[in-house]
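[1] Here is my input; please provide its structure:
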Amino acid sequence: LEFPFSDKRRLAQAIPFEIEGETPFDLEQIFIDWNLLVGDRIRGVVAATLVKRDHVARFLEQLEETGCDPQVLEAEGLVLANLAPVFGLEGSHLIIDLGHEKTTFCALLNGRPALARSIPVAGRAITEAIAAERGLSLAEAEQVKCETRLLGHAGTPASPGAVAVVERIAREALRTLEAAEARHGEGPIAREATLTLVGGSARLDRIDELLARRTGRPVERLRMPADS
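    Model prediction:
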């Protein structure tokens, strides 16, 4: 959202009404949170997040049933921005959380989350591709995925299915950066961003190299901070 001012008190009053006008929800139905991406005397650019109150209520009930008493609830995707100050992720970054069932992207502008999204393509999709190629069970394919170099190495042919999954993740990474750049309206975010990998599937051999080749952007796995 963009406003002709950046005073946080005025933004806190204006953002809910702006969201109510652009979504099918009444303010009584949702919780809203936001962070300021760009702010000066004549302009404020805000990344806002909303969630339905009944979704939060159901989630809290589930946590209560398990004996958990949460102090903070984070928005999926945007929570990855908390890594930025700890690990010194400066400038433009795309954090890619490569999990088992989904991949989550979080675009950062100077440490602040500008856009987050998830796709249902990650480690499990690679496992399923291997199982289909080699006639294996999912358990057998998972073991092959973890123990062999599926993306090719020193004369070892790559798994076409595994490569196809990683290439799709690469395309979605670029789309996320382009969307963040379009929403932000300033600066070549997509051309300058570094891709930072986290999650279990990020440990797949040479996945960083393949993503770098397919996106044209530097890719690195998350490293421990210098003062760790």
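[2] Surely I130 and V163 touch.
    No: judged on C-beta atoms under 8 Å, I130 makes no contact with V163 at a distance of 11.2 Å. (Each C-beta comes from the backbone N, C-alpha and C, glycine too.)
[3] The two: which has the busier surroundings?
    Using other C-beta atoms under 10 Å as the criterion, I130 and V163 rank with I130 on top: 23 against 17.
[4] Could you name the specific helix or strand carrying the more buried one?
    In the assignment (DSSP states H and E), I130 maps to helix 123-134.
[5] Now do that helix: distance to the chain's middle.
    Averaging C-alpha positions (C-alpha atoms, centre = their mean, to the nearest Å) puts helix 123-134 23 Å from its chain's average.
[6] how about the very next helix or strand once past it: buried residues?
    Toward the C-terminus, helix 123-134 is succeeded by helix 138-147 as the next helix or strand (DSSP H and E). Buried residues in helix 138-147, defined by neighbour count with 16 or more other C-beta atoms under 10 Å: 141-142, 144-145.
[7] cool, and stretch 205-225?
    Across stretch 205-225, burial judged by 16+ other C-beta under 10 Å covers 205, 207-208, 210-211, 214-215, 217, 219, 222.
[8] Pairing partners for L115 in the sheet, please.
    A107 (DSSP bridges).
[9] Could you check how far it is from C68?
    Plainly put, L115 is 29 Å away from C68 if you go by C-beta to C-beta, to the nearest Å.
[10] Tell me which of the two has more neighbours.
    Legend: neighbour count by other C-beta under 10 Å for L115 and C68, higher for L115 (23 against 9).
[11] between the helix holding I130 and helix 138-147, how many degrees?
    Relative orientation of helix 123-134 versus helix 138-147 (axes from the mean of the first three to the mean of the last three C-alpha atoms, to 10 degrees): 110 degrees.
[12] could I have helix 123-134 exported to CSV, CA atoms only?
    What follows is helix 123-134, C-alpha atoms only, in CSV (Å, rounded to 0.1, in the frame of the first residue of the first chain):
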residue,chain,number,x,y,z
GLY,A,123,11.5,-31.9,-1.4
ARG,A,124,8.6,-34.3,-1.6
ALA,A,125,8.1,-33.4,-5.3
ILE,A,126,11.7,-34.4,-5.9
THR,A,127,11.2,-37.7,-4.1
GLU,A,128,8.0,-38.4,-6.2
ALA,A,129,9.9,-37.6,-9.4
ILE,A,130,12.7,-40.1,-8.5
ALA,A,131,10.1,-42.7,-7.5
ALA,A,132,8.4,-42.4,-10.9
GLU,A,133,11.6,-42.5,-12.8
ARG,A,134,13.1,-45.5,-11.1
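[13] Now do stretch 194-213: distance from first to last residue.
    End-to-end span of stretch 194-213 (C-alpha to C-alpha, to the nearest Å): 13 Å.
[14] residues in contact with it?
    Here stretch 194-213 makes contact (C-beta atoms under 8 Å, 6 or more residues apart in numbering) with 80, 83, 89, 91-100, 103, 122-123, 126, 145, 149-153, 163, 166-167, 169-170, 173, 215, 217-222.
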